[in-house]
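> Kindly return the folded structure for what I paste below:
(2 chains)
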Amino acid sequence: MSSQTASTATDPAHPVIDFRDITRVYGKGEAQVFALAGITLTITQGEFVAIMGPSGSGKSTAMNVMGCLDRPSSGQYLFNGVEVADLTQDQRALLRRHYLGFIFQGYNLLPRTTALQNVELPLIYKGMSRDEREARALSALEKVGLGNRAHHDPSELSGGQQQRVAIARALAGQPSVILADEPTGNLDTTRSIEIMELLQSLNRDENLTIVMVTHEDDMAAFSDRLIWMVDGRIESDRPTGKGAA
Amino acid sequence: MFLETVRLALQAILRNPTRSFLTVLGVVIGVAAVIAMVTLGRGSTVQVTSDVEKLGANLLMLSPGQSRFGPSAGSGSARAFSERDVQTIVDQLASVETAAPMGSSSLVAVFGNENYRTSVSGTTNQYLLATDWNIAQGRSFTEAEQQAGKPVCILGKTVRDELFGMTDPLGEKLRLGPISCTVTGVLEAKGASSFGTDQDDIVMIPFRTFARRIAGTSDVRLIYVSVRDGFSTTRTIDDLTALLRETRRIGRGEEDDFAIRDMEQLASMLTGITDVLTGLLSAVAAVSLLVGGIGIMNIMLVSVTERTREIGIRMAVGAQARQVLMQFLVEAVVLSGLGGIMGILLGLAFGAVGTRMLNVPFVIDIQIVLLAFVFSALVGVIFGYFPARRAAQLDPIEALRH
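Now for the predicted structure:
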């Protein structure tokens, strides 16, 4: 497996995501739309970054490019020092498999599949044995406080619990970056805060890099750094003042 | 990893058992039809072969003319055999156990108020010897009766039952068309032949009686020859041909004006018919397999659409396009394979019932069973590929948004 595309250095200043003048253009000719109109930014290992902005500002597109689900139209994207634009579709899948974890607004759990099996999903593609998978998945579920719900279907879990399962799934693969697209968008304030606290503790305790898109200032406040996007550009990029503590 | 994929496929299939079953119903029916047809075909082939062997695998039939089986084209124009030919064959060839002339005619047999149309066969005791047929009651013809062409007869079981019921037929007078003959014996029951005709529907009279009183000619149109045990049938056929060419003065380069057939030929002709029928019905079954495959493709396409989001999730967590392709392909193959297994079991069940009804042996043809299974799995590969490729080609972002 050609998964050794990057080294998981623990150096705190190690750049994980390095965007250099990234654009993403939809359509052709007259109908061209710049979802990303030239973005340059660096996210280093262990950062907790929130991306905000009005709808259509390119937040989600930026996340998709970071997550190697989408390719930039131009510019350079170095993930752990590796140029992603050069990678084939299969190689990008390997990158996601080994270095990235996703959390979605709608949880995106497989229906009629137990929490444990959902969390095992990324491990199947890592080629792990069944026993190892179960052990890892269970410990991930325990980490998010759902060890006792392992054999429940998503339909039997509350929204907050479902999102915890999704976080456990993202964690199970032991990624270096977690990408969260409006993780609290479907939850009430209490549940949202619980989820954010969970993400924050993962960021602190495990030095996990987290990039999160959100609409809510309250949730963005949990991050160390806030990037504000408008019309496919970064308008402001500043620390929230929490990370310093 | 592959076992994992199969397990995954089974999970996906069992998540909606009713739909899965309906999806493969076409394959189930197709395979069941093939298996049932082949089982019935093989059963009747075995039956025919064993019937023919019972009749005597070492039995040859000689007839004038070059007619093959079927309409006896031109056999009328060819020179007939005579009783002397029968004697010559027995005398000249050491490999011949015995030979009997045979002439037959359909006549109404009358006894008292009862009458019954049956086949009257003019032959000799040698025929009973050649076909291994025993007398159940009474006796066979005496030499004197045969020589003089006396009006005596031996009844088949069916004729005896039809005309005499409970009364003892021995010594009774039976009217056979123009003659009135005395019953000397009753034959052992033989049952139905592989042609489906009742072999016991027969009245035997001495050949000479038949020639003089019924046929009006001493021509022999059919001779049964039985080959002695331990002698090769083919060799005997060659010897017979040589002998008959000589007695009938057929010059070099001229064609035989007679035909010799053995029971193996008869058997292969009969099984040939069964094979053709089996083949035709199997072709129909293959069409239904094709239709079944299209059914699978249809549902797999629906399934890919329904599970677009699942595909997106799998791709997000690191599944490669070929792994998604594999997943759906394996699912289609497992689905159709299961359908194949169900079809095989169903087909064997139908075969078992059918063979019992037709009264032929139940033979499982392992080759066909394996072939049916492989074929049904292949249907899954062929018709599952297109939907699976569609799944693999999904854009993960679009799929997740679905």
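> list the contacts for residue 120?
Using chain A here. A:133, A:134, A:136, A:137, A:172 (C-beta atoms under 8 Å, 6 or more residues apart in numbering or on different chains). Yep, even glycine has a C-beta here, placed from its N, CA and C like the rest.
> could you do chain B instead?
Applying C-beta under 8 Å, 6+ apart, we find residue B:120 in contact with B:104, B:105, B:106, B:107, B:109, B:176, B:177, B:202, B:203, B:205, B:210, B:214.
> unless I'm mixing things up, the first one is touching residue B:201, no?
No: using C-beta atoms under 8 Å as the test, residue B:104 is too far from residue B:201 to be in contact (11.6 Å).
> okay, and the common contacts of the two?
residue B:119.
> For residue A:175, which residues are in contact?
Neighbour list for residue A:175: A:98, A:99, A:100, A:101, A:208 [criterion: C-beta under 8 Å, 6+ apart].
> Filter those residues down to just the buried residues.
For those, a neighbour count by 16 or more other C-beta atoms under 10 Å in any protein chain shown gives the buried set as A:98, A:99, A:100, A:101, A:208.
> Residue A:236 and residue A:50, how far apart?
12 Å (C-beta to C-beta, to the nearest Å).
> Determine the residues that are contacts of both of those two.
A:226, A:227.
> Of the two, give the one with the bigger neighbour count.
Between residue A:236 and residue A:50, residue A:50 has the larger neighbour count (other C-beta atoms under 10 Å in any protein chain shown), namely 24 against 11.
> Which one of the contacts of residue B:120 is nearest to residue B:313?
Nearest to residue B:313 out of the contacts of residue B:120 is residue B:202 (C-beta to C-beta; 78.9 Å).
> Quick one: classify the residue of chain B found nearest chain A as helix, strand or coil.
Residue of chain B nearest chain A, by C-beta to the nearest C-beta: residue B:318 (2.4 Å). Secondary structure, DSSP: H, G, I helix; E, B strand; the rest coil: residue B:318 is coil.
> any idea which element the closest residue to it other than its chain neighbours lies in?
Once flanking residues are discounted, residue B:318 sits nearest to residue A:97: 2.4 Å by C-beta to C-beta, 6 or more residues apart in numbering or on different chains. Using DSSP states H and E, residue A:97 falls within helix A:89-99.
> Outside of that helix itself, list whatever touches it.
Under C-beta under 8 Å, 6+ apart, the answer for helix A:89-99 is A:1-3, A:5-6, A:8, A:67-69, A:79-80, A:82, A:84, A:87, A:102, A:122, A:125-126, A:173, A:175-177, B:315-322.
> quick one: average pLDDT of it?
Across helix A:89-99, pLDDT averages out at 94.
> Can you show me the helices along chain A?
Taking DSSP state H to define them, one finds helices in chain A at A:59-66, A:89-99, A:115-125, A:130-143, A:159-172, A:189-206, A:217-220.
> Nearest approach to residue B:254 belongs to which of those?
Of the helices of chain A, nearest to residue B:254 by C-beta to C-beta is helix A:89-99, at 78.5 Å.
> Okay, angle between the closest one and helix A:115-125 too, please.
Put simply, helix A:89-99 runs at 130 degrees to helix A:115-125, going by axes from the mean of the first three to the mean of the last three C-alpha atoms, to 10 degrees.
> What residues sit buried inside helix A:89-99?
Applying 16+ other C-beta under 10 Å to helix A:89-99 flags A:91, A:92, A:93, A:94, A:95, A:96, A:97, A:98, A:99 as buried.
> okay, those in JSON lines with distance to residue B:391 next?
As requested, the buried residues of helix A:89-99 are exported to JSON lines (distance: C-beta to C-beta, whole Å):
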{"residue": "A:91", "distance to residue B:391": "20"}
{"residue": "A:92", "distance to residue B:391": "18"}
{"residue": "A:93", "distance to residue B:391": "14"}
{"residue": "A:94", "distance to residue B:391": "19"}
{"residue": "A:95", "distance to residue B:391": "21"}
{"residue": "A:96", "distance to residue B:391": "18"}
{"residue": "A:97", "distance to residue B:391": "18"}
{"residue": "A:98", "distance to residue B:391": "23"}
{"residue": "A:99", "distance to residue B:391": "25"}
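> Am I right that residue B:185 is in a helix?
No: read with three-state DSSP, residue B:185 is strand and lies in no helix.
> you'd agree it is up against residue B:138?
Yes: with contacts defined as C-beta under 8 Å, residue B:185 counts as touching residue B:138 at a distance of 3.2 Å.
> out of these two, which sits in the more crowded spot?
More neighbours surround residue B:185 than the other of residue B:185 and residue B:138, with 21 against 16 (other C-beta under 10 Å).
> in the sheet, who's paired with that one?
residue B:138, residue B:154 (DSSP bridges).
> got a list of what it touches?
Applying C-beta under 8 Å, 6+ apart, the residues near residue B:185 are B:135, B:136, B:137, B:138, B:139, B:140, B:154, B:155, B:170.
> Then residue A:63?
A:51, A:179, A:181, A:211, A:213 are the contacts of residue A:63 under C-beta under 8 Å, 6+ apart.
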